[in-house]
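Peer 1: pasting the sequence and the predicted model now:
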Amino acid sequence: MKTMYTVAGISKQALWKYNKRQEEVGRITGQVTEIMHQLRTRHKRMGCRRMYYAMRKPVPVGRDLFEQIGFANGFKLRQKRNVMKTTWAQRVEVYPNLRQEKCSTPSTRRGSRISSI
């Protein structure tokens, strides 16, 4: 075993610490996902950041790590599609151009009669 450690360039202590850190991260991740699952059953459309601020118990991670854990475990919400249309793709006149109609016929303009002179 000693030769394997030297070939890999790590010590026994480093491997042991790495395994302990991974266990701790796994424990925290499980705890956070359990809390998120409980909140998501009651609030279907609540995002990860709002979940973080809605916590009653303090969480052992910060806001950004809380969001990363949530995103990695499928708690990211899909954005709703905006169905409002602001323009029409077709060239359709909705309202007639009233000014053009008035200008095209001189008899409808006020004071345009030449016969009054």
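Peer 2: All right, it came through fine.
Peer 1: in this structure, which residue is most central in space?
Peer 2: Central residue check for the chain by C-alpha atoms, centre = their mean: the C-alpha nearest the mean position is that of Gln79, 5.9 Å away.
Peer 1: tell me the mean pLDDT for the lengthiest helix in the chain?
Peer 2: Taking DSSP state H as the criterion, the chain has its longest helix at helix 12-42. For helix 12-42, mean pLDDT rounds to 93.
Peer 1: what of stretch 46-53?
Peer 2: The model assigns stretch 46-53 a mean pLDDT of 92.
Peer 1: buried residues in it?
Peer 2: Buried residues in stretch 46-53, counting neighbours by 16 or more other C-beta atoms under 10 Å, are found at 48, 51-52. All C-beta spots, glycine's among them, are computed from the backbone N, C-alpha and C.
Peer 1: filter the residues you listed down to the ones in helices?
Peer 2: Checked against DSSP H, the buried residues of stretch 46-53 include these in helices: 48, 51-52.
Peer 1: got CSV for those, with distance to Lys2 too?
Peer 2: What follows is these, written out as CSV (distance: C-beta to C-beta, whole Å):
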residue, distance to Lys2
Cys48, 45
Met51, 47
Tyr52, 45
